[in-house]
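*Asks:* okay, sequence plus prediction incoming.
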Amino acid sequence: MLWPGIKKLGKELNLKRTDSEVTGMIKNCFVKMYDGNQIKVLELFVPQLNSDDKNEVIKKLESGKIKKYEWLSGGVKIIFQEYILPYSVTKIKELLDELVKYFYGKYFDQKPSCQHCGENNETEIYCINNTAQLICGNCYAQYERNIKNENNDYLNTPNNYLPGFLGALLFAVPGILLTILLFTFLNSLAAVSAVAYILLGIIGYKKFKGKISPAGAVLIIIAGLVMVGIGVIIAYSAVIFRELQAVNFELLIIILKMPEVQRELMINIVMSYIVSVVYFAFQFFQMMKDWKKIKTISKPKEI
Ligand SMILES: [Zn+2]
């Protein structure tokens, strides 16, 4: 994510941007900054990073009371936690200036190596599927070729949406057993079986060769929603059979037509949707992100 604070700092430092981060070279360091959930993040990739350098970085972080960081390959990821107020962008800039000053002072004639092959070639920043990476000309050519092939494969894959949708429904059927069990013993918790419907649905969708695309993600969610309703009706019927101590469909239909039974069933279905909606939304965004169709490689944009 990219919020105004980091964006403004990026502009001030003459950096560029992708959709979700600011990025660029400052002296001989490759910098990325972005916002997260109550955090700001600075990733700094440097020409060399031996244990002395690491100690120096730790010292600077400690003097700024920054506790959260991770070592990356050839760099460090620094996490600025935001509790109530946003973390001061000025402080981030000061720390960045200090770190760059240190690494430029020590390794002024060196540059970070290619993040893909690790060779010390001439590098440039490219956004690969919207993530900035510092890569060399050879790796760029390789990425470009692979992305072109993958996109061609994607465009040439048959849509197969209907078989995929049917697969998602069919494979989700065993999830109904879980709904029945939960419904019988825990009642309202039956909505938890939405997780099973989606996971089984994804397997079924893929087995039936549904196209991995945003439209496919929508279909799996629709199949899951349908199954939640069907699951509750079947589970409810199972409970009625248990109370009747007989599997009698004629009687079941008479009971299901009673207004108070219909109302209770409706409440159960609505409750199940309310309980599972967060999970459906989570899965939906996850799939939309992972199943995005066209891959890209491009230079970062101006801020
Ligand atoms: Zn390379």
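*Replies:* Sure thing, it's come through. Here the structure is a predicted model, which is why all the values come from computation and not from measurement.

*Asks:* what does the stretch 51-200 of the chain put close to the ion?
*Replies:* Applying C-beta under 5 Å from the ion, we find that the stretch 51-200 of the chain lies next to the ion at Cys114, His116, Cys117, Cys136, Cys139. For glycine as for every other residue, the C-beta is placed from the backbone atoms N, C-alpha and C.

*Asks:* residues contacting the second one?
*Replies:* So the one you mean is His116. Residues in contact with His116, defined by C-beta atoms under 8 Å, 6 or more residues apart in numbering, are Gln133, Ile135, Cys136, Cys139, Gln142, Tyr143.

*Asks:* residues near the fifth one, how many?
*Replies:* Taking other C-beta atoms under 10 Å as the criterion, the count of residues near Gln142 is 14.

*Asks:* ok, the second one next?
*Replies:* Residues within reach of Ile135, counting by other C-beta under 10 Å, total 22.

*Asks:* hang on, the earlier thing: of the residues of the stretch 51-200 of the chain next to the ion, buried ones?
*Replies:* Buried members of those, scored by 16 or more other C-beta atoms under 10 Å, are Cys114, His116, Cys136, Cys139.

*Asks:* could you dump the residues of the stretch 51-200 of the chain next to the ion to a markdown table with secondary structure?
*Replies:* Putting these into a markdown table (DSSP: H, G, I helix; E, B strand; the rest coil) gives the following:
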| residue | secondary structure |
| --- | --- |
| Cys114 | coil |
| His116 | coil |
| Cys117 | coil |
| Cys136 | strand |
| Cys139 | helix |
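
*Asks:* which of the residues you listed sit farthest apart?
*Replies:* Farthest apart among these by C-beta to C-beta are His116 and Cys136. That separation is 7.4 Å.

*Asks:* so what are the sheet partners of the helix or strand containing Met33 and their directions?
*Replies:* Assignment of secondary structure by DSSP states H and E places Met33 within strand 29-36. Applying DSSP bridges, strand 29-36 is found paired with strand 22-26 (antiparallel), strand 39-45 (antiparallel).

*Asks:* thinking again about what came up before, among the contacts of His116, which two are most distant?
*Replies:* Largest separation among the contacts of His116 by C-beta to C-beta: Gln133 and Gln142, giving 12.4 Å.
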